[in-house]
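>>> Provided below for reference: sequence and predicted model.
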Amino acid sequence: THFGEREVALEDKQGLVNDVFHAVADRYDLMNDLMSAGVHRIWKDAMVARLAPPRTGTRPYRVLDMAGGTGDIAERIINASVGYAEVVVSDINTDMLRVGAERARKWRFPGQVSFVEANAEALPFEDGSFDAYTIAFGIRNVPRIDRALSEAHRVLRRGGRFLCLEFSHVDVPGLDALYRTFSDRGIPPMGRMVTGDAQPYQYLVESIRKFPDPARFSQMIAAAGFRRITHTPFSGNIAALHGGWKL
Ligand code: SAM
């Protein structure tokens, strides 16, 4: 497969994305730590701190962690709620979910999570069935982002929270050049060293560059029906937290 610069049809894009995460599933967590020097953990902690899941209530606090992969966000949410939140980790890729389910057996509250294979563009969940929808480093991979956003809106209850953590576009002079060099010369070779293949990481770099900037992505979130939309840059906007409410 060639990810190259050429445009791929949307149907093909999902196939390529699936190949990438199939190939890296077993080394995925290690690669995240290596490539971000552990910083992805801080961004994920900040996302869950923003969500501030309740620790008690009259009924379960239900969260859908979409494109949840190996369960990093779910584990943090459940721990932050001290075992109160119930998180459905959903992902299109069974290999990522398998690694997640294996990891979850060693969590503090393994009974609070379930794993469901699904495409973010067409969710198998009822309208209004979640209190919060989270998606971390996932939406960039979805071919039709507008569909994923409107599905997020549909499955949330009124008053429900939408939070999306995603790579964004560096907005600090100097850091942008450094980041560009690291992306081109650092990431693909690192990927080859650890997984034996640079191509999935070439895809990673390209998908980050193609992702809409914060203003445009905020407009897309609004177009899906969300209100009180926020954008919080992390690390010079290398990553960004986007939030909204279904009101
Ligand atoms: N949320 C996890 C994290 O932050 O570590 C995993 C993020 S990983 C970079 C991206 C995930 O998106 C992969 O597990 C991939 O299978 C999933 N994905 C890609 N396309 C998807 C789709 N259309 N629907 C659901 N998940 C998708």
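Structure's in. What do you need? Everything quoted here is computed from the prediction, not taken from an experiment.
>>> who does the biggest helix by length in the chain touch, helix- and strand-wise?
When the chain is parsed with DSSP state H, its longest helix is helix 10-24. Applying 3 or more Cβ pairs under 8 Å, 6 or more residues apart in numbering; DSSP states H and E, we find helix 10-24 packed against helix 94-104, helix 187-195, helix 199-210. For every residue, glycine as well, the C-beta is placed using N, CA and C.
>>> how many residues are close by Gln14?
Neighbour count for Gln14, taken as other Cβ atoms under 10 Å: 18.
>>> list the contacts of the closest residue to it other than its chain neighbours.
Of all residues not flanking Gln14 in the chain, Pro143 sits nearest, at 5.3 Å (Cβ to Cβ, 6 or more residues apart in numbering). Contact partners of Pro143, counting by Cβ atoms under 8 Å, 6 or more residues apart in numbering, are Leu10, Glu11, Lys13, Gln14, Val17, Glu121.
>>> tell me how far the last one lies from Tyr28.
Plainly put, Glu121 is 22 Å away from Tyr28 if you go by Cβ to Cβ, to the nearest Å.
>>> could you measure from the closest residue to Arg98 other than its chain neighbours over to Ser114?
Spatial nearest neighbour of Arg98, chain neighbours left out: Ala25 (7.3 Å); criterion: Cβ to Cβ, 6+ apart. As judged by Cβ to Cβ, Ala25 and Ser114 stand 19 Å apart.
>>> can you check Val48 too?
18 Å.
>>> neighbour-wise, which of these two wins?
Val48 (23 against 13).
>>> is it true that that one lies in a strand?
No: counting by DSSP: H, G, I helix; E, B strand; the rest coil, Val48 is not part of a strand but helix.
>>> put the alpha carbons of whatever helix or strand comes next after the longest helix of the chain into PDB.
Sequence order places helix 28-36 as the next helix or strand after helix 10-24, per DSSP states H and E. The C-alpha coordinates for helix 28-36 follow below in PDB (Å, rounded to 0.1, in the frame of the first residue of the first chain):
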ATOM      1  CA  TYR A  28       1.100   0.600  19.900                       C
ATOM      2  CA  ASP A  29       1.500   1.600  23.600                       C
ATOM      3  CA  LEU A  30       5.300   1.400  23.500                       C
ATOM      4  CA  MET A  31       5.400   3.600  20.300                       C
ATOM      5  CA  ASN A  32       3.200   6.300  21.900                       C
ATOM      6  CA  ASP A  33       5.600   6.600  24.800                       C
ATOM      7  CA  LEU A  34       8.700   6.600  22.600                       C
ATOM      8  CA  MET A  35       7.400   9.100  20.000                       C
ATOM      9  CA  SER A  36       5.900  11.600  22.400                       C
END
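>>> neighbouring contacts of helix 28-36?
Here helix 28-36 has contacts from 21, 24, 40-41, 69-70, 72, 96, 99, 186-187, 190-191, 194-195, 201, using Cβ under 8 Å, 6+ apart.
>>> centre of the chain versus that helix, how much separation?
14 Å (Cα atoms, centre = their mean, to the nearest Å).
>>> what's the spacing between the nearest residue to Lys13 once chain neighbours are set aside and the ligand?
Excluding the flanking residues, the one nearest Lys13 by Cβ to Cβ, 6+ apart is Pro143, at 4.5 Å. For Pro143, the distance to the ligand equals 7 Å [Cβ to the nearest ligand atom, to the nearest Å].
>>> out of the contacts of helix 28-36, which are buried?
21, 24, 40, 69-70, 72, 96, 99, 187, 190-191, 195, 201 (16 or more other Cβ atoms under 10 Å).
>>> for these, which two are the farthest from each other?
Longest distance between any two of these is 21.0 Å, between Val99 and Ile187; criterion Cβ to Cβ.
>>> report pLDDT for the residue of the chain most remote from its centre.
Computed with Cα atoms, centre = their mean, the maximum C-alpha offset from the centroid of the chain is found at Thr58, amounting to 29.0 Å. Here the pLDDT value assigned to Thr58 is 93.
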